[in-house]
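Enquirer: Sharing a model prediction with you, sequence too.
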Amino acid sequence: MEFSHKAIEKKWQVIWKKNNAFATKDNSDKKAYILDMFPYPSGAGLHVGHTKGYTATDIYSRFKRLNGYDVLHPMGYDAFGLPAEQYALKTGNDPRDFTIKNIEVFRTQLEKMGYSYDPNKEVITSDPNYYKITQQIFIKLYKKGLAEIRNVNVNWCPELGTALANEEVINKDGKMISEVGGFEVFKKPMRQWVLKITDYAERLLKGLDNIDMPKSIKDLQKNWIGKSEGAIVEFDVKNSEKKLNVFTTRIDTIYGVTYLVVAPENEIVSELTTEDNKKDVDEYVSKTLSKSDIERQDESKPKSGVFIGSYAINPITKEEIPVWISDYVLNDYATGVIMAVPAHDPRDWEFAKKFKLPIKFVLKADDESKAFIGKSEYINSKLIEGMDVIKAKDILIKFLAEYKKASVKVNYKLRDWLFSRQRFYGEPFPVAFDNNQNIVLLEKSLPVELPKTDYIKPSGTGESPLANIKDWLNIEVDGKKLVRETNTMPQSAASSWYHLAYILAKAPNQFTDLESPEAMKLFKKWLPVDLYIGGQEHAVGHLLYIRFWHQVLFDLGIVPTQEPFNKLINQGMVLDNNGTKMSKSKGNVVNPDDIIESHGADALRLFIAFMGPIEASLQWSEDGLDSSRKWIDRVYRMINTFEITNKNDGSLEVAYNKMVKNFGQMINDYKFNTAISQLMVFVNEVYAQQKPIYIEYLKNFLIMLSIITPHVCEELWEKLNQKGSVCDQTWPKFDESKLIENTVTIAVQINGKLRATFKVNRGTKSPELLKTAKLIDLIKNQLEDKTLIKEIAVPDRIVNFVIK
Ligand code: ANZ
């Protein structure tokens, strides 16, 4: 029996909306905040890949509601972004119109999936009410000394007219190109806002212990933070007042330092370069700028570099050593200067060999034809001979510290967060400058809105298109003439606090004041997020940024928890039916709209949840989708064709109780696929028995299934003449004592051969079993006229006769 999914799904979506069925409630002290990574509303609409995570959180939210939890399950849109900006630049149209249209498409698609979001909690990051708070938080960061303007080497993309974050740049044939559009990118120093996330490096590292997230993601975050414990050592420069500070994790090898290497773009290079070397140095520096950090550190590439003409003094041996530049030293890591120990560092070894620089072993090595990196005794190292590494490092730091030549230093690979973009379509900074370039905060006029304009054109100067809009640019505050900041914030700004925005939302894009007592009450109720599901691609960028902002807001007493979430799951990808990643360029993307049309949203939800574990990347399959739909039809047929009774004859008792127990447990453990198979087992049992179904079992079956396929369950609930919505019911309980079958099948053997079977109550004693077996006609006949040598009965298992 088939049913019209189109009619049913539409009908219930309208009813849910009318009844505000998924409003966030405040009835219980049990709460569940279940969060999805919100989408960028691109023109392409919802991708079937989105539905994997979104279906999982929806199942879980519905499950928690039925279990009496207050549930916050919101959805919003990460609406600022580069595609809208490029569209505006190309067409002259306002990116806001483009964004709003796309959001409407997404919203309709999400509704058609039957997701139980609370519409009142919808947020759009490009709404001025939303970015007013983004700006407020920026001001807080600024006042806390965590935001500042620096001249930094950025990844400059002339074609896009903007600087890009490292995550937005990819490496192609050793050259940097933009992820969007594939345009040329090179390093260029620019005046930029940076957020000092590095001040929180240790907290971000430690906090990982309190979050339940996949080990692989924790490791990615740990590596990204990259804690490294070492020392800063100061080298004097011969015939100069200048000093060179190096960061080293191996101060114990200092006797083996035979040269220093400075990152080519380091400011000190020009000061220490002698006239004779200037030309070669300048040439080398400009070549370095188009290389990505990854290429610069590629161990397989031959080393390159230039001597700059200066000499430094080894603070411990007092030897004069040459100063070089080379691109394998990165300028923005530690001090951007290293002490080279070619005998014990393979990179330095290669470099020294190539440029015929001296190599001095300070650890005993059997083979001196390559760098020795293992443990061994110190040699040629007066102060530390006979010591172990820890002692040696300690002694050297202490010794040099006396002369102010060394200090302990912990370094992190994590870079400060480059926080400005030369774009129109982002949050304006709540900042202006006076004639002397002093920063003035525009605290009283929040939000600082993006101007309405039909003139969005590149400025030509590398500044954002906002620099063209003069009547927006120039303002007067308290009689002072000011010029606004023309940079805007990066897309990652808004998503760094959206988990709080949903809590604060009273109606779409209407927020409770961030710092009000009401806000604190709400934060206390809902934080931290109990379940956060999203893609692995956000493992380092977004997840670190959101944790950083949250920790700062915690320090400011604005939120009550140290971390934003308790548990994170990365959903796997939905691959095409050949196992390839779906992408627009390959033309293999499945559009959920088409599936909703052909099979229904319930079938898609069931298929997506049933296809395999949430974390795994799995292949799309038409057959799988067809089977999901067929199974829903089977359920529909079951309820429409079987007799339904008010009397429980006990025949389904075990199957039912097992289903309730296992399904609940498995959903609670996010094992949606195996949970669903428990429902399938129950339906098979109903069909196998062909008996009337007990109404209470059927109702509870529908309540449980409704978290997966809500539309058809509402419809069937109504068909059973039940009141209210299936979503408003209570999760069924199971009876522990009814989990095991009460009857068992006993095998009867004669001389080791199976002759018959019979059913008895579990636990029936041996004499009773023997008696029953002997009453079976077939057995009775065979035992007649024979000598019975032995008879054995094992309760719940077997009866055995030996005859002659
Ligand atoms: C001397 C030395 C001897 C080093 C030796 C290593 C082995 P991590 O653990 O990654 O922090 N280094 C320091 N700053 C650098 C920069 N800006 N670019 C490239 N390399 C840099 O590594 C720290 C080590 O990496 C430091 O210790 C330094 O080399 C190098 F047998 O100093 B070592």
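Expert: Noted; the coordinates are in hand.
Enquirer: mind pulling up the phi and psi values for the closest residue to the ligand within the stretch 551-700 of the chain?
Expert: Closest contact between the stretch 551-700 of the chain and the ligand, by CB to the nearest ligand atom, is at Gln551 (23.7 Å). For the C-beta atoms, the positions are set from N, CA and C on the backbone; glycine is no exception. Per-residue torsions, Gln551: phi -70, psi -40 (degrees, to the nearest 10).
Enquirer: dump the residue contacts of it.
Expert: 200, 203-204, 207, 562-563 (CB atoms under 8 Å, 6 or more residues apart in numbering).
Enquirer: so what are the domain limits for this structure?
Expert: Following automatic domain parsing, the chain resolves into domains at 231-412, 743-803.
Enquirer: now these as a markdown table including distance to Cys727 and mean pLDDT?
Expert: A markdown table is the format used below for the domains of the chain (distance: least, CB to CB, whole Å; pLDDT from 0 to 100):
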| stretch | distance to Cys727 | mean pLDDT |
| --- | --- | --- |
| domain 231-412 | 47 | 95 |
| domain 743-803 | 37 | 93 |
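Enquirer: mind checking which of those domains is nearest the ligand?
Expert: Of all those, it is domain 231-412 that lies closest to the ligand, at 3.3 Å by CB to the nearest ligand atom.
Enquirer: three-state assignment of Gln86?
Expert: At Gln86, secondary structure determined by DSSP: H, G, I helix; E, B strand; the rest coil is helix.
Enquirer: contacting residues for it?
Expert: The neighbours of Gln86, taking CB under 8 Å, 6+ apart as the test, are 160, 180-181.
Enquirer: most neighbours, which of those?
Expert: Leu160 (23 neighbours; other CB atoms under 10 Å).
Enquirer: Nearest to Leu110 among the contacts of Gln551?
Expert: Glu563 (27.8 Å; CB to CB).
Enquirer: Quick one: residues contacting that closest one.
Expert: Counted by CB under 8 Å, 6+ apart, Glu563 has contacts 207, 210-211, 528, 547, 550-551.
Enquirer: Surely Ile798 and Ala747 touch.
Expert: Yes: if you go by CB atoms under 8 Å, Ile798 and Ala747 touch, sitting 4.9 Å apart.
Enquirer: Which strands and helices lie in contact with the helix or strand harbouring Glu9?
Expert: Assigned by DSSP states H and E, Glu9 falls within helix 5-19. With contacts taken as 3 or more CB pairs under 8 Å, 6 or more residues apart in numbering; DSSP states H and E, helix 5-19 sits against helix 95-112, helix 601-610, helix 710-719.
Enquirer: Could you look over the ones you listed and pick the most buried one?
Expert: Ranked by mean neighbour count under mean count of other CB atoms under 10 Å, these are led by helix 601-610, which reaches a mean of 26.
Enquirer: Can you give the distance from that one to the centre of its chain?
Expert: 23 Å (CA atoms, centre = their mean, to the nearest Å).
Enquirer: Stretch 7-16 too?
Expert: Distance of stretch 7-16 from the chain centroid (CA atoms, centre = their mean) equals 33 Å.
Enquirer: Pull out the buried positions in that stretch.
Expert: For stretch 7-16, the neighbour count (16 or more other CB atoms under 10 Å) marks 8-9, 12-13, 16 as buried.
Enquirer: Need the contact partners of it.
Expert: Stretch 7-16 is contacted by residues 21-22, 111-112, 114, 116, 596, 600-602, 710-712, 714-715, 725, 727 when judged by CB under 8 Å, 6+ apart.
Enquirer: Likewise for stretch 495-512?
Expert: 33, 35, 38, 72, 74, 76, 78, 119-125, 127, 129-130, 133-134, 137, 514, 518-519, 522-523, 526-527, 529, 532, 542, 545-546, 548-550, 553, 559, 564-565.
Enquirer: Span of that stretch from start to end?
Expert: Start-to-end span of stretch 495-512 (CA to CA, to the nearest Å) is 18 Å.
Enquirer: buried set for stretch 368-376?
Expert: For stretch 368-376, the buried set under the neighbour-count rule, 16+ other CB under 10 Å, comprises 371-372.
Enquirer: wait, does it contact the ligand?
Expert: No: using CB under 6 Å from any ligand atom, stretch 368-376 stays clear of the ligand, with a minimum separation of 6.7 Å.
Enquirer: about what we covered before: relative to the ligand, which of the contacts of Glu563 is nearest.
Expert: Proximity of those to the ligand (CB to the nearest ligand atom) peaks at Gly207, which lies at 21.6 Å.
Enquirer: isn't that closest one right up against Ile546?
Expert: No: the pair Gly207 / Ile546 is not scored as a contact, 11.7 Å apart, by CB under 8 Å.
Enquirer: okay, the two: which has more neighbours?
Expert: Higher neighbour count among Gly207 and Ile546: Ile546, with 23 against 18, using other CB under 10 Å.
Enquirer: can you pull the pLDDT of the more buried one?
Expert: If you check Ile546, the pLDDT there is 98.
Enquirer: Now render the contacts of Gln86 as a markdown table, adding pLDDT and secondary structure.
Expert: Shown next, in a markdown table, are those (pLDDT from 0 to 100; DSSP: H, G, I helix; E, B strand; the rest coil):
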| residue | pLDDT | secondary structure |
| --- | --- | --- |
| Leu160 | 81 | coil |
| Val180 | 84 | coil |
| Gly181 | 88 | coil |
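Enquirer: Including distance to Ser61, could the residues you listed go into TSV?
Expert: Putting the contacts of Gln86 into TSV (distance: CB to CB, whole Å) gives the following:
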residue	distance to Ser61
Leu160	39
Val180	33
Gly181	37
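Enquirer: what's the closest of those to Phe429?
Expert: Ranked by distance to Phe429 (CB to CB), the contacts of Gln86 are led by Leu160 at 19.6 Å.
Enquirer: separation between that closest one and Pro465?
Expert: Noted for Leu160: a distance of 12 Å to Pro465, by CB to CB, to the nearest Å.
Enquirer: Equivalent analysis for Ala32, please.
Expert: Taking CB to CB as the measure, Ala32 falls 43 Å from Pro465.
Enquirer: which of the two has more neighbours?
Expert: Each of Ala32 and Pro465 has its neighbours counted (other CB under 10 Å); Pro465 has more, 23 against 20.
Enquirer: Enumerate every residue touching the more buried one.
Expert: By CB under 8 Å, 6+ apart, Pro465 lies in contact with 89, 423-424, 455-459.
Enquirer: Apart from its chain neighbours, what residue comes closest to it?
Expert: Spatial nearest neighbour of Pro465, excluding adjacent residues (CB to CB, 6 or more residues apart in numbering): Phe424 at 4.3 Å.
Enquirer: what angle do the helix holding Glu9 and helix 95-112 make?
Expert: If you take axes from the mean of the first three to the mean of the last three CA atoms, to 10 degrees, helix 5-19 sits at 110 degrees to helix 95-112.
Enquirer: Are there helices or strands packed against the helix or strand just after helix 5-19, and which ones?
Expert: Once helix 5-19 ends, the next helix or strand along the chain (criterion: DSSP H and E) is strand 31-36. If you count contacts as 3+ CB pairs under 8 Å, 6+ apart, strand 31-36 packs onto helix 48-66, strand 70-72, helix 498-504, helix 517-526, strand 531-534.
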